[in-house]
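**Q** below is the sequence, then the predicted model.
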Amino acid sequence: MARRLYGYAAERHAFSETEAGEALGESVGAAIAELAAAHLIQPRSGPASAADGGRPDGPAPMGWSAVSPRAAAARSLAPLALRARETHDEMDRLRDRLDDLLPAYEAGTDLRDRGGANALELVTDPAALQDLIGELIASAESEVLTCHPGGGRSPATLEGAVVRDEAMLARGVRMRTLYQHTARYSRPTAAYVERVTALGSQVRTVGDGLMRMILVDRHTGLIEVQDDIKAALVVREPNVVHFMAQTFERCWAEAEPFSTTVGPDQARSISDELRQTIVRLLAEGLEDKVIARRLGMSERTCQRHIAEIMRAVGAKSRFQAGFLLSATAAATAATAASAATAATAATRTALTHPPAEAPGSAAPGGTAETS
């Protein structure tokens, strides 16, 4: 009704409630109140009309006239705009007060780092941890090293990471990342790798032994916390950071490049390496779920691999498989040690007892000796 009344009002210089009600065929009191509250109509005095019961010589009754929607918007939004300006002013004042504390904070952190105090900081709040990671990545100047165990990453995590990492790479910061082999079979992870490698990032994969870690400019690191994947330990102690960097470099040297297009030979090689790792962990007596977690695969997939390995060695149980695999590994190691010992002995004999010259060999003078 309010919309119909406004259209009626816009066609006239002024109208009365009675006139509008008769023209529209229903009561318009509520619609007038709604339009007046929205500043779309305004009160206006006009000549009396017979319909309103007025007399030409009597006082002019109240009438209404339409107001432009833009003028109504300006009037309605004026208080909001004022509050917005006051809020921005308060934000600026608060920011200035906090910025005044920055020199004291930086001086304190420099002294703290030199003294070695608070070199380790545990962050358990997930939101605070994500904010910290964002700040570290945004402040990176030369290099970021990351390790992501557990197979492929979730699409939601990758969606936020790709924007952040692309901005960092665009600044010229070098980035190297380690995943586990199982991440190759995650389509979202492969798509992410394809995007960041196009900007110069390097990505490789390993089978086992990977620990979640982020290292920024080799001065600040984050490492995973045992039994709490949503927490992290912030490391600023130089010797520990150096150890983290060296650990990453050793894993990187043994890792294989992450190719988003895996050929049959490469897939077979990766699959064989995964099975060998499962054999080693199975021989150590680890449970299926522990092996699956360490390799970044589902427990069901891990159990399928274990079943295939058990069939291959003729084991009837996991205990028997572990025993057979341990025995095989020990025999292989003993054979390799024996071969190495024999080779060393042969080399030593050759060096200390050179073979005698054959009869008829050339004499020092260049002629053959005769008996």
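**A** It's in.
**Q** for the nearest residue to Cys302 once chain neighbours are set aside, give me its contacts.
**A** In space, and not counting its chain neighbours, Cys302 is closest to Ala292: 3.8 Å by CB to CB, 6 or more residues apart in numbering. The way it works is simple: take the backbone N, C-alpha and C, and place the C-beta from them, glycine included. By CB atoms under 8 Å, 6 or more residues apart in numbering, the contact set of Ala292 is 298-299, 301-303.
**Q** identify the farthest-apart pair in these.
**A** Taking CB to CB, the two most distant members of those are Ser298 and Gln303; they sit 8.9 Å apart.
**Q** distance-wise, check the residue nearest to Thr124 when sequence neighbours are not counted relative to Leu120.
**A** Closest residue in space to Thr124, ignoring its immediate chain neighbours: Ala231 at 4.4 Å, by CB to CB, 6+ apart. Separation of Ala231 from Leu120 (CB to CB, to the nearest Å) stands at 13 Å.
**Q** which one of these two has more residues nearby?
**A** Shown here are Ala231 and Leu120; by other CB atoms under 10 Å, Ala231 has more neighbours (15 against 12).
**Q** ok so that one is a strand residue?
**A** Yes: under DSSP: H, G, I helix; E, B strand; the rest coil, Ala231 sits within a strand.
**Q** pLDDT score for it?
**A** In this model, Ala231 is scored at 91, pLDDT.
**Q** ok, Arg44 next?
**A** Looking at Arg44, the pLDDT reads 81.
**Q** ok so it is a strand residue?
**A** Yes: checked against three-state DSSP, Arg44 lies within a strand.
**Q** what about the spatially closest residue to it that is not a sequence neighbour, neighbour count?
**A** Spatial nearest neighbour of Arg44, chain neighbours left out: Ser65 (4.5 Å); criterion: CB to CB, 6+ apart. Residues lying near Ser65 (other CB under 10 Å) number 15.
**Q** same deal with Gly25?
**A** 8.
**Q** helices and strands around the helix or strand that contains the residue nearest to Arg44, which ones?
**A** Using DSSP states H and E, Ser65 maps to strand 62-66. The helices and strands touching strand 62-66, judged by 3 or more CB pairs under 8 Å, 6 or more residues apart in numbering; DSSP states H and E, are helix 2-10, strand 41-45.
**Q** ranking the ones you listed by mean pLDDT, which is last?
**A** Taking the mean pLDDT of the helices and strands packed on strand 62-66, strand 41-45 comes last: a mean of 83.
**Q** what's the burial count for Ala2?
**A** 16.
**Q** what residues sit buried inside the helix or strand containing Ala81?
**A** According to DSSP H and E, Ala81 maps onto helix 69-99. Residues of helix 69-99 classed as buried: Ala72 (neighbour count, 16 or more other CB atoms under 10 Å).
**Q** in the stretch 151-300 of the chain, what residue spans correspond to helices?
**A** Here the stretch 151-300 of the chain has its helices, by DSSP state H, counting those that start in this stretch, at 155-170, 187-197, 238-254, 264-283, 288-295, 299-313.
**Q** in JSON lines: those helices, plus mean pLDDT and distance to Gly221.
**A** Conversion of the helices of the stretch 151-300 of the chain to JSON lines gives the following (pLDDT from 0 to 100; distance: least, CB to CB, whole Å):
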{"stretch": "helix 155-170", "mean pLDDT": "91", "distance to Gly221": "16"}
{"stretch": "helix 187-197", "mean pLDDT": "91", "distance to Gly221": "20"}
{"stretch": "helix 238-254", "mean pLDDT": "93", "distance to Gly221": "5"}
{"stretch": "helix 264-283", "mean pLDDT": "69", "distance to Gly221": "26"}
{"stretch": "helix 288-295", "mean pLDDT": "77", "distance to Gly221": "22"}
{"stretch": "helix 299-313", "mean pLDDT": "78", "distance to Gly221": "30"}
